[in-house]
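Q: Everything below, folded, please.
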Amino acid sequence: MPYRILGLCILLGLGACAHTPTPNEVREAKALYSGAKSLIEEKRYRDALQDLQKAEKLYPKDSKTQYLLGVVYFTGFGRTTEAESHLRLALKHEQKKELVPQIQNLLGVVLIEDGRPQEAISHLEKARANLLYRTPWFAAQNLGLAYLRLGDASRSIQFLTSALEQDPNLCGAYSQLAEAYDQSDKLVDSISTLERFFNHCQSETLKPYVPKTLFASSLYKLGMYHLKNDDVDSAKKTFSMCLEEYPALKIVDDCKKSLKLLQ
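A: Down below sits the predicted model:
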């Protein structure tokens with residue numbers, strides 16, 4: 001770069017003279033992005049990350065690439081710091097605004113998992129209220145989780161109930177709602193919520209898409225709720241079911257210990 005141009009870049013800020021991608025570079029970046037989406041669906045996160053990093057070098061201001069980098073870092077590797085950084089860049093560069101609520105929702109989840117639920121709330125509220133967001137119940141569920149982590153059970157119940165009313169197939173929300181009821185000393189509601197979860201989410205259409213760990217941990221929670229409610233027989237039955245149906249999972253150790261104490 002000639003001396004005079006370099007001086008101008010320093011004067012204006014180096015960003016003013018940043019490389020503008022050529023049409024060929026934009027096309028290549030978009031092809032890498034599309035390939036990365038398929039790799040993520042196959043849970044090949046390392047390969048996806050490799051392609052997305054190449055796409056970012058070619059076209060760093062592409063909001064979709066930045067968003068997908070946030071997805072990969074968070075979902076594939078649990079790296080909240082990197083995920084947050086890319087999601088904030090995605091928000092900065094999104095021009096059409098269509099992706100904004102999706103980015104805000106995921107950013108909220110990342111902040112919750114990073115131990116910052118209070119910071120997450122404003123992003124989730126914006127996502128939930130955005131008319132362009134096709135699935136606002138996801139933001140409602142995550143608001144419920146944020147308030148649950150903050151110890152505000154009443155607000156947690158409000159948002160989780162709303163999310164399940166909008167989409168009863170949000171299987172992860174039932175366990176969270178049961179926990180919120182437990183925090184409010186409403187054990188009967190905790191039990192009925194988990195019973196609804198099993199009745200609904202163990203259907204032939206939903207069961208293949210629900211992690212076995214969620215079913216097993218919900219059985220353990222249900223057993224503990226029965227125990228708190230002084231229903232020892234139901235607790236024994238539930239812990240036994242946990243042992244029989246999910247013997248290979250780690251949570252079974254807790255079911256086994258609890259059952260042993262009751263015998």
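Q: can we go C-alpha only for contacts and neighbour counts from here?
A: Fine.
Q: Nearest residue to the residue nearest the centre of the chain in space, please, no chain neighbours.
A: Within the chain, the residue whose C-alpha comes closest to the C-alpha centroid is residue 109; the distance, by C-alpha atoms, centre = their mean, is 5.2 Å. Leaving out its chain neighbours, the residue that sits closest to residue 109 by C-alpha to C-alpha, 6 or more residues apart in numbering is residue 142, at 6.6 Å.
Q: That neighbour and residue 240: what is the separation?
A: Residue 142 sits 32 Å away from residue 240 when distances are taken as C-alpha to C-alpha, to the nearest Å.
Q: Which one's more surrounded, these two?
A: With other C-alpha atoms under 10 Å as the criterion, residue 142 and residue 240 differ in neighbour count, and residue 142 comes out ahead with 28 against 19.
Q: tell me the mean pLDDT over the helix or strand containing that one?
A: Using DSSP states H and E, the secondary-structure element containing residue 142 is helix 136-149. Rounded to a whole number, the mean pLDDT of helix 136-149 is 98.
Q: what kind of secondary structure is residue 233 in?
A: When states are read from DSSP: H, G, I helix; E, B strand; the rest coil, the local structure at residue 233 comes out as helix.
Q: and what of residue 205?
A: Assigned state for residue 205: coil (three-state reduction, three-state DSSP).
Q: can you count the residues close to it?
A: For residue 205, the count of nearby residues is 9 (other C-alpha under 10 Å).
Q: So which elements touch the helix or strand hosting residue 107?
A: Using DSSP H and E, residue 107 sits in helix 100-113. Helices and strands in packing contact with helix 100-113 are listed as helix 80-93, helix 117-129, helix 136-149; criterion 3 or more C-alpha pairs under 8 Å, 6 or more residues apart in numbering; DSSP states H and E.
Q: Now distance to residue 194 too, for the ones you listed, in a markdown table please.
A: Supplementary listing: the helices and strands packed on helix 100-113 in a markdown table, determined by distance: least, C-alpha to C-alpha, whole Å:
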| stretch | distance to residue 194 |
| --- | --- |
| helix 80-93 | 30 |
| helix 117-129 | 24 |
| helix 136-149 | 16 |
